[in-house]
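Engineer: Here is a sequence with its predicted model. Questions after.
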Amino acid sequence: MTLTSPLISDVSRLFAALGDESRLKILKVLVDAGRPMAQGAVAEAAGLSQANASKHLIHLARVGLVTREPVGNQVLFTPVAPLVPDVCDLMCAHVARRIQDAYSSMS
């Protein structure tokens, strides 16, 4: 795959979205739930206000990391699979290795 400027720009937006702690909490809640969740339930499980969760869910949907499905008078959110769980697993494993290496070098 050729990394064109538009592609680099889109990838940059994805990584920027992943660079926010509240958004990572939201993604973890959605991945762990294994089912679509309403915004209020996501907010509560992530420990965020409803307004804050709503803002972040809209951003995550805009960059394509979650899907939103209107159902009656609510909207259900789902992480895009396998992208979100795979990226989260890769990043967490990388961070864990870095921590382990840093700890090992202190011994």
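Structural biologist: Done, it's in.
Engineer: Go through stretch 36-43 and flag the buried ones.
Structural biologist: By 16 or more other CB atoms under 10 Å, the buried positions in stretch 36-43 come out as Pro36, Met37, Gln39, Ala41, Val42, Ala43. Quick note: C-beta positions are derived from backbone N, CA and C, even for glycine.
Engineer: From the chain's centroid, how far away is it?
Structural biologist: The chain centroid and the centroid of stretch 36-43 are separated by 14 Å under CA atoms, centre = their mean, to the nearest Å.
Engineer: Now do that stretch, average pLDDT.
Structural biologist: For stretch 36-43, mean pLDDT is 97.
Engineer: CA-only coordinates of that stretch in PDB, if you can.
Structural biologist: Output of stretch 36-43 as PDB, limited to C-alpha atoms (Å, rounded to 0.1, in the frame of the first residue of the first chain):
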ATOM      1  CA  PRO A  36     -23.700  -2.400  21.300                       C
ATOM      2  CA  MET A  37     -24.200   0.100  24.100                       C
ATOM      3  CA  ALA A  38     -26.200   3.300  24.500                       C
ATOM      4  CA  GLN A  39     -24.300   6.500  25.200                       C
ATOM      5  CA  GLY A  40     -25.600   6.800  28.800                       C
ATOM      6  CA  ALA A  41     -24.400   3.300  29.600                       C
ATOM      7  CA  VAL A  42     -21.000   4.000  28.000                       C
ATOM      8  CA  ALA A  43     -20.700   7.200  30.000                       C
END
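Engineer: Filter the buried residues of stretch 36-43 down to just the ones in strands.
Structural biologist: Here DSSP state E is the test, and the buried residues of stretch 36-43 give Met37 as lying in strands.
Engineer: need the helices for the protein, in chain order.
Structural biologist: Taking DSSP state H as the test, the helices found in the chain are 5-18, 21-33, 39-46, 50-62, 83-106.
Engineer: and the longest one, what does it pack onto?
Structural biologist: In this structure, helix 83-106 packs against helix 21-33, with contacts taken as 3 or more CB pairs under 8 Å, 6 or more residues apart in numbering; DSSP states H and E.
Engineer: so the helix it packs on versus helix 39-46, what angle?
Structural biologist: 100 degrees (axes from the mean of the first three to the mean of the last three CA atoms, to 10 degrees).
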